[in-house]
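**Student:** heads up, no residue letters with this:
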């Protein structure tokens, strides 16, 4: 009998923000797939889930290189990862893929799901709390209210696309603000949204960083897990 494949969102960083459903799934799976980058060891998602791991759980690290046009250009590395997951499931093991935040929100899991969704296996996807939701609660910062229109924008997108999305919204969530922090800050200032902005880096993790006046912090080096919440006056 084939195992079940779980996609589990572990939230932004605080292990206590995992859902009960996520914890129950983690506690019963046989294998955990921990995604990691090509340049770094370890897995942030795995470290968040660590308090709930079984002593005998098998941990498999997989590297998922990013490619453009994924549907047409899945790489050899991705196909190798897919094969490894399917072999584990065929052996009757329940397998979980851990991901930061929510599995269907700017997550590597989306591409893993697309690789597996047409296979003859059972897939269960368990949602998680995205970083911006946790930051809003942490800071007492309403994300949207009333008739507000919200834009959620990856700061890694082309600058003109980012600014257009910012201008079209009342409230904005800017994710992955790190390499272009200064440029993003200048863009928000041009659109009268810098003074109201708050930035949180690595929300819920031991080295969490909070910046309330982003214009005074230009030039600082940020982690890629950095999010800005802001709104118009």
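**Tutor:** Perfect, I can see it now. Note that the structure is a prediction, hence the values are computed from the model and not measured.
**Student:** CA only for contacts and neighbour counts going forward, please
**Tutor:** Fine.
**Student:** quick one: low-confidence ranges for the chain?
**Tutor:** Where the chain drops to pLDDT under 70, the residues are 37-41, 66-74.
**Student:** repeat the analysis, applying 50 as the threshold.
**Tutor:** For the chain, residues meeting the criterion pLDDT under 50 lie at 70-72.
**Student:** quick one, longest helix in it?
**Tutor:** The longest helix of the chain (DSSP state H) is helix 76-90.
**Student:** which elements pack onto it?
**Tutor:** strand 95-99, helix 109-116 (3 or more Cα pairs under 8 Å, 6 or more residues apart in numbering; DSSP states H and E).
**Student:** change it to 10 Å
**Tutor:** In terms of contacts (3 or more Cα pairs under 10 Å, 6 or more residues apart in numbering; DSSP states H and E), helix 76-90 is packed against strand 4-9, strand 31-36, strand 58-63, strand 95-99, helix 109-116.
**Student:** now tabulate the ones you listed in CSV and tack on distance to residue 193 and mean neighbour count.
**Tutor:** Converted to CSV, the helices and strands packed on helix 76-90 look like this (distance: least, Cα to Cα, whole Å; neighbours: other Cα atoms under 10 Å):
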stretch, distance to residue 193, mean neighbour count
strand 4-9, 31, 25
strand 31-36, 34, 21
strand 58-63, 37, 16
strand 95-99, 31, 27
helix 109-116, 31, 17
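**Student:** make JSON lines out of these and add distance to residue 223.
**Tutor:** What follows is these, written out as JSON lines (distance: least, Cα to Cα, whole Å):
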{"stretch": "strand 4-9", "distance to residue 223": "20"}
{"stretch": "strand 31-36", "distance to residue 223": "15"}
{"stretch": "strand 58-63", "distance to residue 223": "20"}
{"stretch": "strand 95-99", "distance to residue 223": "17"}
{"stretch": "helix 109-116", "distance to residue 223": "21"}
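**Student:** right, and residue 204 touches residue 11 too?
**Tutor:** Yes: using Cα atoms under 10 Å, residue 204 is in contact with residue 11, at 9.1 Å.
**Student:** neighbour count winner among the two?
**Tutor:** residue 11 (30 against 21; other Cα atoms under 10 Å).
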